[in-house]
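*Asks:* build the 3D model from these lines:
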Amino acid sequence: MDSVRERRVQYETSGLDRADLEADPISQWNVWYAQAESAGCVEPNAMVISTVRPDGVPDSRYVLARGVSNAGFDFYTNYASPKSRQLEANPRAAALFTWLQLHRQMRVTGTVSRLSAADSDAYFAGRPRSSQIGAWASPQSSVLADRAELERRVAAIEDRFAGDSAIPRPPDWGGWRLQVVEAEVWQGRPSRLHDRFRYRRDDRGTEWIIERLAP
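*Replies:* Down below sits the predicted model:
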């Protein structure tokens, strides 16, 4: 469509210098997340997680980062879902955070591992009851005959736990952690001459090296 091909947005920002950056990607993410939150960005903790299917085809979807620490980014899902099965088979992933209102993005690649049962239990216990019921009721990514089938499953779970003050975590639901191996921050600039910096580990894997990349 011509309207798509001809669409132009000039990124009028002050840019990004090496001196502006934190020494490690998690610290930099925390700074940008706080600024995105203050700017009113929608779902500033949303990230696209990309995995690889058994046939080698990339697979991406949005999830919400629910924990951020020096150990990495945590998110939660159904362990029987395609994303979890793909991570079990190939425990590496890429993540993309985008804050469009600030013309910023951050790309992350790294290794993944399951969170402990205790961590998953603690997070699940803090979810709204309706979300807990949904985790039990939905066979994530399975084919449903219609919406009514899902609603029947929800009603059955509501009946099952009707007299319980707390709902336990489903055995096939829990958390993953993406440990950062490499990251890139991107700040939009006029005329597509953007600022890009890459964080990568040194040869010993102990220090972060920061390099400016061509836009």
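
*Asks:* longest strand in the protein, please.
*Replies:* strand 173-187 (DSSP state E).

*Asks:* what's the mean pLDDT across it?
*Replies:* Mean per-residue pLDDT for strand 173-187: 98.

*Asks:* show me what it is packed up against.
*Replies:* Under the contact criterion of 3 or more CB pairs under 8 Å, 6 or more residues apart in numbering; DSSP states H and E, strand 173-187 touches helix 25-38, strand 72-78, strand 104-114, helix 117-125, strand 195-201. Any C-beta I mention is one placed from the backbone N, CA and C, and that applies to glycine too.

*Asks:* would TSV of the ones you listed with mean neighbour count and mean pLDDT be doable?
*Replies:* Supplementary listing: the helices and strands packed on strand 173-187 in TSV, determined by neighbours: other CB atoms under 10 Å; pLDDT from 0 to 100:
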stretch	mean neighbour count	mean pLDDT
helix 25-38	17	98
strand 72-78	21	98
strand 104-114	19	98
helix 117-125	15	98
strand 195-201	18	97
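
*Asks:* in a markdown table, list the ones you listed along with distance to Gln86.
*Replies:* Listed next are the helices and strands packed on strand 173-187 as a markdown table, based on distance: least, CB to CB, whole Å:
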| stretch | distance to Gln86 |
| --- | --- |
| helix 25-38 | 24 |
| strand 72-78 | 11 |
| strand 104-114 | 10 |
| helix 117-125 | 19 |
| strand 195-201 | 24 |
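
*Asks:* looking at those, which is nearest to Pro171?
*Replies:* For these, the distance to Pro171 is smallest for helix 117-125, at 9.5 Å, taking CB to CB.

*Asks:* now tell me what touches the closest one from outside.
*Replies:* Identification of contacts with helix 117-125 by CB atoms under 8 Å, 6 or more residues apart in numbering yields 66-67, 74, 76, 132, 135, 166, 168-169, 173-175.
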